[in-house]
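Student: Sharing a sequence plus its predicted fold:
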Amino acid sequence: MEQALYHPQHGYYSSSIGKKIGRDGDFFTSVSVGDTFGVLLCHAIEQKWQNLCPENDLPLVIVEQGAHDAQLARDILEGFRSRNSPLYEKIEYRIIEPRETIRREITEIADCTGYSPKLYPVQSMADARAEAGIFLCNELLDAFPVRRFVHEKGRWLEQWVAFEDKFIFTNEEIPSDDEDFQRFLNLLGETTEFEDGYETEFCPNVKNWITDCSQLFEKAGSWLIIDYGFEAEDYFAKSRKTGTLQCYHQHRTHDDPLFRPGECDITAHVNFTDLTREAERAGLEAVTLTDQSKFLIEAGRDWLLSFEGQAPGPAEAAKLRQFQTLTHPSMMGRSFRVAEFRKG
């Protein structure tokens, strides 16, 4: 999965930005619905910053990872600017992007849209650190490479990729001293009975990632992690026999990660129990885990109340339609979750 997605030449994410998301890409995100998602996140960020920095004596540092073409960053910044927020002049929006070619493209986008030097990419977590700030990522963790485990005859085996004239899967023994596998077993808890052929995933990179991420802000910070996923009890439900691994190509889903590797997106749902445990071990406080619908309704409460007793104009009506897509339970409202962590 790591090679198929991140190989520097042939990986799915190795190509230029702007080709994967939206109507002409392979999948939709909350950002591609329209600018309302960013505007509502602007409201949420403003509320959380007032709690973190009530004296308003520090620059508002927003750090985003997995920003793609920086569209969400631009929507958030426009949210602050259009409302004449006094925070706008103090914003430093840093996008973590390790690929040099993508950093250049983001810089060009910022220059062309008038958000330079307020919006700029940095190479690593270390380059994005600040005294205090807000961290944000949207649909980042679902693209982390996972290990795939298969239950056979009362034991777990690991599924690997082999080559015999073509790519195939093969199941192998797991070493007893495998630390990631022990983390996986701890997540299972009291759920121990699985039928033969039951498949599931585990993301080993979450631990190191959240540990690094927790060090972004020295004194105070808020972390907003938005993605689709489950808590452990639901993640390992006995009815979920084939796990959560999915592939996307031209808005069609399939479950064969060996099909056209490098041309399809491969994702797995986030295990929010694992994320929360590792965040707390890294020194962060778990504030809430809620669905996107509840989070955005709360963030946009004042905006929604402004429509009472009056019919919205065409522009606002369009934003309300976007809001419905983002929050409706049968669309994006329930499948996406928001985990919030805090420090200081």
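Tutor: Nice, I can see it.

Student: For the rest of this, base every contact and every neighbour count on C-alpha atoms.
Tutor: Will do.

Student: where in the stretch 1-150 of the chain is pLDDT low?
Tutor: Across the stretch 1-150 of the chain, the ranges flagged by pLDDT under 70 are 15-27.

Student: in it, which spans are helices?
Tutor: 2-6, 30-33, 36-52, 71-82, 100-113 (DSSP state H, counting those that start in this stretch).

Student: in stretch 220-240, what counts as buried?
Tutor: Across stretch 220-240, burial judged by 16 or more other CA atoms under 10 Å covers 220-232, 235-236, 238.

Student: same question, stretch 194-203
Tutor: 194, 198-203.

Student: residues in contact with it?
Tutor: Residues outside stretch 194-203 that contact it (CA atoms under 8 Å, 6 or more residues apart in numbering) are 144-154, 184, 236, 238, 241-245, 268, 271.

Student: which residues sit in contact with residue 319?
Tutor: Residue 319 neighbours (CA under 8 Å, 6+ apart): 34-36.

Student: Show which residue of this protein lies farthest from the average position.
Tutor: Distance from the C-alpha centroid of the chain peaks at residue 309, with 36.7 Å (CA atoms, centre = their mean).

Student: does residue 278 count as helix, strand or coil?
Tutor: helix (DSSP: H, G, I helix; E, B strand; the rest coil).

Student: measure it to residue 223 for me?
Tutor: The gap separating residue 278 from residue 223 is 14 Å, by CA to CA, to the nearest Å.

Student: isn't residue 37 right next to residue 43, touching?
Tutor: No - here residue 37 lies out of contact with residue 43, judged by CA atoms under 8 Å, at a distance of 10.2 Å.

Student: what's the neighbour count on residue 216?
Tutor: As a burial measure, residue 216 scores 23 neighbours (other CA atoms under 10 Å).

Student: and the gap between it and residue 74?
Tutor: As judged by CA to CA, residue 216 and residue 74 stand 22 Å apart.

Student: Over to residue 294?
Tutor: From residue 294 to residue 74 the distance is 24 Å (CA to CA).

Student: Counting neighbours, what do you get for residue 313?
Tutor: Counted with other CA under 10 Å, residue 313 comes out at 8.

Student: ok, now residue 79?
Tutor: Count around residue 79 with other CA under 10 Å applied: 22.

Student: What residues does it make contact with?
Tutor: When contacts are counted by CA under 8 Å, 6+ apart, residue 79 touches 38-39, 42.

Student: just residue 153 next, same as before
Tutor: Taking CA under 8 Å, 6+ apart, one finds residue 196 in contact with residue 153.

Student: circling back: tell me the SS of the residue farthest from the centre of the chain?
Tutor: Look at residue 309: counting by three-state DSSP, its state is coil.

Student: Phi first, then psi, for it.
Tutor: phi 80, psi 10 (degrees, to the nearest 10).

Student: Could you do the one 5 residues further on as well?
Tutor: Here the main-chain torsion angles of residue 314 (degrees, to the nearest 10) amount to phi -60, psi -40.

Student: And the helices in the stretch 201-344 of the chain?
Tutor: Under DSSP H, counting those that start in this stretch, the stretch 201-344 of the chain gives helices at 205-213, 232-235, 272-281, 292-299, 301-305, 314-327.

Student: Columns mean pLDDT and distance to residue 264 on top of the ones you listed, output as a markdown table?
Tutor: Shown next, in a markdown table, are the helices of the stretch 201-344 of the chain (pLDDT from 0 to 100; distance: least, CA to CA, whole Å):
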| stretch | mean pLDDT | distance to residue 264 |
| --- | --- | --- |
| helix 205-213 | 98 | 21 |
| helix 232-235 | 95 | 24 |
| helix 272-281 | 98 | 25 |
| helix 292-299 | 97 | 26 |
| helix 301-305 | 92 | 38 |
| helix 314-327 | 94 | 25 |
